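1. let me see the structure of the following:
(chains A and B)
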2 protein chains.
Amino acid sequence: MTTELHRTVSTHPESVVISIDAMGGDSGVGAIVDGIGLSADKNPDIRFIVHGDSAKINALLNKKPELARRVDVRHADKVISMDEKPARALRGGKGSSMWNALESVEKGEATVAVSCGNTGALMAIAMLRLRKLPGVNRPAIAVLWPSRNPSGHNVMLDMGADIKADAEDLLQYAIMGSSYARNGFGLDRPRVGLLNIGTEEHKGRPELQDAAKLCDAAQQDGDFEYIGFVEGSDLPSDKVDIIVTDGFTGNVALKASEGTAKLVGEFLKDAFTHTPLAKLAAIFAMTSLKRLANRIDPRRVNGGVFLGLNGTVIKSHGSADAIGVSAAIKLAFTLAENGFSEKLAARVASGAPASKNTTASKQNEA
Amino acid sequence: MTTELHRTVSTHPESVVISIDAMGGDSGVGAIVDGIGLSADKNPDIRFIVHGDSAKINALLNKKPELARRVDVRHADKVISMDEKPARALRGGKGSSMWNALESVEKGEATVAVSCGNTGALMAIAMLRLRKLPGVNRPAIAVLWPSRNPSGHNVMLDMGADIKADAEDLLQYAIMGSSYARNGFGLDRPRVGLLNIGTEEHKGRPELQDAAKLCDAAQQDGDFEYIGFVEGSDLPSDKVDIIVTDGFTGNVALKASEGTAKLVGEFLKDAFTHTPLAKLAAIFAMTSLKRLANRIDPRRVNGGVFLGLNGTVIKSHGSADAIGVSAAIKLAFTLAENGFSEKLAARVASGAPASKNTTASKQNEA
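-> Okay, here's the model as predicted:
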């Protein structure tokens, strides 16, 4: 069955093929297959290579014959657990669903890989299999940050691929983040801000001062607008599209904000269960509260993207359900369709501070 | 009048005297005098030296004769604006209400200074006038972070007094934060966590690895419990009392979380004004929503404390109203009554990694 399905996928070269690690995440293989099904229903141009326990996957696909025709199931014996250390995953991860999902991108069978699994392990294996783009010092993880922009989000990077970044790394994050925003979200000339503890020019660490000068000089050729320093309070603002920071700061800011949103949510729930009258009010307010929950629902803007590798990798939330998985696949499809990997490589090549822009390299950029 | 009131204050040596910068903040001198009034009503053992525009202050006090008897008004011509750069405030700030408020602590007329003004200027002038405690390399700003702990908050430092911190600075923050929690909030043996991007021992920057070892070794003599690394998502948790980080990371985390809470609040407001039915629901839900607003109201846990100086300085929110000012004064009173400044000095002296603990220095600690 595997071979037959594989042939089906291969004979549709006009389709975008997405490679899926079906064993990552906390919600189980069922949520992932359901997410694939949601995406397939909406988008006839997408096909899948799905890696994992083939007995389980096929049992689920047997109930969805339409979907099964567009899926190539590849059996993998091993699963990398959510708490596996990256170093151990590197040593023992060969043959796992995650490893094989990345290998499908490496071999060119698929354009983008999607996993809900262990972020550290995914980055470590992706670095090994896909390798860094020529000219990239530190790859980065970009996430979508809820904001007041019309799209409902900003892009922020790095969220923890590396624990530090010097001025040239920060410039590269600006270039890579801009290319991502152009190809993933259709922003022509994204506005880039450097995250700092104040907006005045003299503020912050020395590498931020230097990065500010580099971004200012690179904005013309890089097709982005450098707007200067932004603060933590600006992350949800509509004055910036791409927020650039080192992976330590980005990771702390992300988790602190998620923690705050969760705390406010708990307080809200408490407030509406405190007294019988409050419970009655909750019934009247149900629709309003649902609308709020939808707006801050991380499943709807699900997907961290690894930037700076030879190939695109999307890390979906570990707790993603079918809706979350489907959102990550939609992003994967958009990036694949726009030829993002190639465009990003051209951008990095031409944007590296030491190199020159040539007309030839400019032609392939977006 | 000034002299007479000053005499009144001086002749009550059993009272705690708090020095107030009446001209800082966005809400004006009226909010500050009202805040002083709220505190005075609740607490008969507190007196005030109030610095600023004496005509304005006396006009407000004339309506509160009971309060006026407990206030010593000191005229200051100058005001340091909210956007004044710290370096400029240092050069030209002499004779301002902020400068004079700190000088009252330096001279020993008051135990704690409270200002709603410009944080950077306040820290710069406080460093100059009060000077660092012997043995302190970097002073820190500690704030209260909303949490699931019974008190409703955790303590986090540094929030931006300095942009970096090495391992020994982080240890000192742990020692100073613990002393603050013992004297300000009655925690016998506060639990200290180091903020990192993962809880595993091998995670994060080298200075965090080193700080972990120092904190582990110092917890016994320092009367705190070192619980290891915590992540951004743990900031509102009930597993930690003191969260230690460098000022850059702390400042970004604080502002990002405030930004998130504000965004969720806006979304909530949108949700309840979206349709006529939603507006009706909002009326029913009013009490519940008020309860929520109270729990996340920054005015009720108002006050960042500068630690590591010869004297205690409390920075209240710039936007604090009377309730916020009163909360900051309550904290100032508690710390003054417990002799926090002296106890902190003894702690720092005995906790410095190079020094030895002596029985004599231990006696003065808490």
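2. could you pull out the strands in the stretch 101-250 of chain A for me?
-> A:112-115, A:140-146, A:153-157, A:191-195, A:225-230, A:242-244 (DSSP state E, counting those that start in this stretch).
3. partners of the fifth one in the sheet?
-> Strand A:225-230 has the following strand partners under DSSP bridges: strand A:191-195 (parallel).
4. equivalent analysis for the shortest one, please.
-> Here the strand partners of strand A:242-244, with direction, are listed using DSSP bridges: strand A:153-157 (parallel), strand A:191-195 (parallel).
5. contact partners for A:Glu225?
-> A:189-192, A:219 (C-beta atoms under 8 Å, 6 or more residues apart in numbering or on different chains). In this view, the C-beta of every residue, glycine as well, is placed from N, C-alpha and C.
6. if we go to 10 Å?
-> A:178, A:189-193, A:215, A:219, A:240-242 (C-beta atoms under 10 Å, 6 or more residues apart in numbering or on different chains).
7. from B:Arg182, how far off is it?
-> Per C-beta to C-beta, to the nearest Å, A:Glu225 is found 50 Å from B:Arg182.
8. same thing with A:Arg74?
-> In terms of C-beta to C-beta, A:Arg74 sits 59 Å off from B:Arg182.
9. same check, this time on A:His202
-> On the measure of C-beta to C-beta, A:His202 and B:Arg182 end up 37 Å apart.
10. between the two, tell me which one has more neighbours.
-> The neighbour count for A:His202 versus B:Arg182, taken as other C-beta atoms under 10 Å in any protein chain shown, is higher for B:Arg182 (23 against 8).
11. am I right that that one is in contact with B:Thr334?
-> No. Applying C-beta atoms under 10 Å, one finds B:Arg182 not in contact with B:Thr334, separated by 11.3 Å.
12. now the closest residue to chain B within the stretch 251-366 of chain A, what are its backbone angles?
-> Taking C-beta to the nearest C-beta, chain B has its nearest neighbour within the stretch 251-366 of chain A at A:Lys255, 2.9 Å off. Main-chain dihedrals, A:Lys255, degrees, to the nearest 10: phi -70, psi -40.
13. what separation is there between it and B:Gly232?
-> From A:Lys255 to B:Gly232 the distance is 3 Å (C-beta to C-beta).
14. shared neighbours of the two, anything?
-> With C-beta under 10 Å, 6+ apart, A:Lys255 and B:Gly232 have common neighbours B:195, B:197, B:253, B:256.
15. please name the nearest non-neighbouring residue to the last one.
-> The spatial neighbour of B:Ala256 that comes closest, neighbours along the chain excluded (C-beta to C-beta, 6 or more residues apart in numbering or on different chains), is A:Gly232 at 3.7 Å.
16. do the third one as well
-> Beyond its immediate neighbours in the sequence, the residue positioned closest to B:Ala253 (C-beta to C-beta, 6+ apart) is A:Ala256, lying 4.2 Å away.
17. my guess is the one you found meets B:Trp145, correct?
-> Yes. A:Ala256 is within contact range of B:Trp145, at 9.1 Å (criterion: C-beta under 10 Å).
18. report the contact partners of the residue of the stretch 251-366 of chain A closest to chain B.
-> A:159-160, B:195, B:197-198, B:230-235, B:253, B:256.
19. and the contacts of stretch A:275-285?
-> Against stretch A:275-285 from outside (C-beta under 10 Å, 6+ apart): A:268-273, A:289, A:292, B:271-272, B:277-278, B:280-289, B:291.
20. just the buried members of these?
-> By neighbour count, with 16 or more other C-beta atoms under 10 Å in any protein chain shown, the contacts of stretch A:275-285 hold A:268, A:271-272, A:289, A:292, B:271-272, B:278, B:281-282, B:284-285, B:288-289, B:291 as buried.
21. turn the strands paired with strand A:242-244 into JSON lines, including distance to A:Ala327 and mean pLDDT.
-> Compiled in JSON lines, the strands paired with strand A:242-244 are given as follows (distance: least, C-beta to C-beta, whole Å; pLDDT from 0 to 100):
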{"stretch": "strand A:153-157", "distance to A:Ala327": "12", "mean pLDDT": "93"}
{"stretch": "strand A:191-195", "distance to A:Ala327": "24", "mean pLDDT": "98"}
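22. just put those strands in JSON lines and tack on mean neighbour count.
-> As requested, the strands paired with strand A:242-244 are exported to JSON lines (neighbours: other C-beta atoms under 10 Å in any protein chain shown):
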{"stretch": "strand A:153-157", "mean neighbour count": "26"}
{"stretch": "strand A:191-195", "mean neighbour count": "26"}
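23. could you give me the buried positions within stretch A:226-239?
-> Applying 16+ other C-beta under 10 Å to stretch A:226-239 flags A:226-237 as buried.
24. mind listing the helices for chain A?
-> A:2-10, A:28-42, A:54-61, A:65-68, A:86-92, A:97-106, A:119-130, A:167-185, A:206-218, A:247-271, A:276-295, A:322-337, A:340-351, A:359-363 (DSSP state H).
25. who's in contact with A:Tyr173?
-> Residues near A:Tyr173 by C-beta under 10 Å, 6+ apart: A:138-140, A:142, A:156-158, A:161, A:165, A:192, A:194, A:211, A:215, A:242-247, A:250, A:307-308.
26. residue ranges in chain A under the pLDDT threshold?
-> For chain A, the stretches with pLDDT under 70 are A:1-14, A:295-302, A:351-366.
27. now the residue in the stretch 101-250 of chain A positioned nearest to chain B: how far from B:Ala174?
-> Using C-beta to the nearest C-beta, the closest approach of the stretch 101-250 of chain A to chain B is made by A:Gly232 at 2.9 Å. To B:Ala174, A:Gly232 is 23 Å away according to C-beta to C-beta.
28. A:Thr111 is in contact with A:Leu335, correct?
-> Yes. A:Leu335 sits in contact with A:Thr111 when judged by C-beta under 10 Å, with a separation of 7.9 Å.
29. what is in contact with these two at once?
-> A:16, A:18, A:312, A:341.
30. now the two most distant members of those.
-> By the measure C-beta to C-beta, A:Ile18 and A:Ser341 form the most distant pair in the shared contacts of A:Leu335 and A:Thr111, at 13.0 Å.
31. joint contacts of those two?
-> A:105, A:111-112, A:312, A:335.
32. tell me the contacts of A:Ala126?
-> A:98-99, A:101-102, A:105-106, A:113, A:115, A:132, A:139, A:161, A:306, A:309-313, A:315.
33. picking up where we left off before, list the contacts for the residue of the stretch 101-250 of chain A closest to chain B?
-> A:195-197, A:243, A:245, A:249, A:253, A:256-257, B:250-260.
34. need the buried ones from those residues selected in ChimeraX.
-> In ChimeraX, this line selects whichever of those come out buried by 16+ other C-beta under 10 Å:
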select /A:195,196,197,243,245,249,253,256,257 /B:250,251,252,253,254,255,256,257,259,260
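35. how far away is A:Leu309 from A:Met82?
-> For A:Leu309 relative to A:Met82 (C-beta to C-beta), the value is 22 Å.
36. out of the two, which sits in the more crowded spot?
-> Under the criterion of other C-beta under 10 Å, the comparison of A:Leu309 against A:Met82 puts A:Leu309 first, with 24 against 15.
37. domain ranges for chain A?
-> Following automatic domain parsing, chain A resolves into domains at A:1-135+A:308-366, A:137-302.
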